[in-house]
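Chemist: no sequence for this one, just the structure:
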């Protein structure tokens, strides 16, 4: 359902309008009878993280020779 209110009414009853929006109602705010703003509920993004989701990515890091990489890194920045 959509509720239409003017700016004065929106300012006066803002908390009640927020409650209405939270319960699923859409609110249109008008100036001089012309709609200018629509209040709608922000939907929280649903994150679907499953245990072990990064297991394959982490396995790739296990194959890195970290000592060799550290040595090379130190060589690159030794003179700086």
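Modeler: Yep, that arrived. Given the structure is predicted, the values throughout are model-derived calculations rather than measurements.

Chemist: Shouldn't residue 29 be within a strand?
Modeler: Yes: counting by DSSP: H, G, I helix; E, B strand; the rest coil, residue 29 is part of a strand.

Chemist: quick one: residue 45 and residue 21, what's the gap?
Modeler: As defined by CB to CB, to the nearest Å, residue 45 lies at a distance of 18 Å from residue 21. All C-beta spots, glycine's among them, are computed from the backbone N, C-alpha and C.

Chemist: do the same with residue 50
Modeler: Going from residue 50 to residue 21 by CB to CB gives 32 Å.

Chemist: The two - which one has more neighbours?
Modeler: Between residue 50 and residue 21, residue 21 has the larger neighbour count (other CB atoms under 10 Å), namely 17 against 5.

Chemist: so the more buried one makes contact with residue 37?
Modeler: No: with contact defined as CB atoms under 8 Å, residue 21 does not count as touching residue 37 (11.7 Å).

Chemist: Work out for me the element the residue sitting nearest the centre point of the chain sits within.
Modeler: Centroid-nearest residue in the chain: residue 45, 6.8 Å away (criterion: CA atoms, centre = their mean). Using DSSP states H and E, residue 45 sits within no helix or strand.

Chemist: So what does it have for phi and psi?
Modeler: With angles defined as degrees, to the nearest 10, residue 45 sits at phi -60, psi 140.

Chemist: Can you tell me how far it is from residue 52?
Modeler: Separation of residue 45 from residue 52 (CB to CB): 21 Å.

Chemist: This completes my enquiry, with thanks.
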